[in-house]
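Asks: Following is a predicted model, sequence given first.
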Amino acid sequence: MPELPEVEVVRRGLERWVAGRTIAFAEVLHPRAIRRHAPGSAEFAGRLAGRTLVSAERRGKYLWLPLAEALNGSEAPVGGSADLPQDSGDAGADPPQAGPAGEARHGASEALLAHLGMSGQLLVVDPGSPLEKHLRVRLGFSDGGPELRFVDQRTFGHVLVAPLLPLERPVPEPIAHIAPDPLEEAFDEEMFAMRLATRQTEVKRALLDQSLISGVGNIYADEALWRAGLHGGVPTRSLSRRKVAELLAAARAVMTEALGQGGTSFDSLYVNVNGESGYFDRSLNVYGREGEPCPRCGAPVVREAFMNRSSYSCPRCQPRVAT
């Protein structure tokens, strides 16, 4: 499943290529893609037509596009480019920043919310391009430029229109329970440490708990734990504040580095808005490297079963007791 860096790469592409553009039509090609939009396909399409996508936002693994209200009988301002993106460097470049201030200025009270699931892709493509085999939802724009298409082979992902809660940073109502991610300004490191100290769980399980910290998945949890010299089975209550700070610093560092390389792609299903894969998998230290020498000490990396998945660690560098 895409984790924070992969979803952020997609968000940056959306910010660059669809923010500021007005939706001319929405077409649902598979009802499962909007299964969490209770009113159904026709209402979903009608709710989007004529609305302008204000910006592209993210929390953890969720993406949302705040929706400005349609102007009375006239077209809303169009700010997105009508030219098709040419390469992944464009999609990954830092976009103009648009956050809560932009939402307030445009009066957005709703957003198009998306979760990519296991295989979801949000692609920006020429309107004349053939429809993808697993195309689920299609948005066309009033400027006649590139469309936004939601392609999902396994149909675990979903999109819906949801109300924005009027918080300091407006977030869609269905994800209000999701904790800020470690790259957000809203993330409270002190509160995170305090909550860890009261939990009776293991540190890796805590990293995957979206009510504590969002956006960290199996890959980056293993990589952050390796960098911090912690085994995933260490009890959270045994961690010192210093060790928690080291772990968070490691998580931020590995995800920031992954973001700079377009994310981690183990198959063709994770791509950016241009349909191109990231290459951070070449820089992973332990994840997926069972039996290979630890880059730090040379001991063979081990794999252990974990919650129907796998955990990778160094038996020498990552002791089961917090240091």
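Replies: Alright, I've got the coordinates. Numbering: from 1, shown residues only.

Asks: so where do the strands sit in the stretch 151-300 of the chain?
Replies: Applying DSSP state E, counting those that start in this stretch to the stretch 151-300 of the chain gives strands spanning 158-165, 171-172.

Asks: Quickly compare these and say which is most buried.
Replies: strand 171-172 (a mean of 24; mean count of other C-beta atoms under 10 Å). The C-beta positions use only the backbone N, C-alpha and C, and glycine is treated the same way.

Asks: Just checking: what are the partner strands of that one?
Replies: strand 158-165 (antiparallel) (DSSP bridges).

Asks: Mind listing residues that contact the strand it pairs with?
Replies: With C-beta atoms under 8 Å, 6 or more residues apart in numbering as the test, strand 158-165 has contacts from 32-37, 44, 47-48, 64, 66-67, 103, 108-115, 117, 137, 150, 170-174, 176.

Asks: Which of those fall within strands?
Replies: Here DSSP state E is the test, and those give 64, 66-67, 110-115, 137, 150, 171-172 as lying in strands.

Asks: Ala24 should be in a strand, yeah?
Replies: Yes - membership of Ala24 in a strand is supported by DSSP: H, G, I helix; E, B strand; the rest coil.

Asks: Leu164 versus that one, what's the distance?
Replies: When distances are taken as C-beta to C-beta, to the nearest Å, Ala24 and Leu164 turn out to be 23 Å apart.

Asks: and Leu63, what are its bridge partners?
Replies: Counting by DSSP bridges, Leu63 forms beta bridges with Arg58, Ala114.

Asks: shouldn't it be in contact with Leu53?
Replies: No - counting by C-beta atoms under 8 Å, Leu63 stays clear of Leu53, with 11.5 Å between them.

Asks: of those two, who's got more company?
Replies: Leu53 (28 against 24; other C-beta atoms under 10 Å).

Asks: isn't that one right up against Pro66?
Replies: Yes - between Leu53 and Pro66 a contact is recorded at 7.4 Å, counting by C-beta under 8 Å.

Asks: what residues are up against Val216?
Replies: With contact taken as C-beta under 8 Å, 6+ apart, Val216 is in contact with 3-4, 181-182, 207-208, 224, 251, 255.

Asks: switch to 6 Å and redo it
Replies: Leu207 (C-beta atoms under 6 Å, 6 or more residues apart in numbering).

Asks: Tell me the pLDDT of it.
Replies: pLDDT, the model's per-residue confidence, is 92 for Val216.

Asks: And Ala38, by the same measure?
Replies: Looking at Ala38, its pLDDT reads 96.

Asks: number of nearby residues for it?
Replies: Here the number of neighbours of Ala38 (other C-beta under 10 Å) works out to 9.

Asks: Please consider this matter closed, and thank you.
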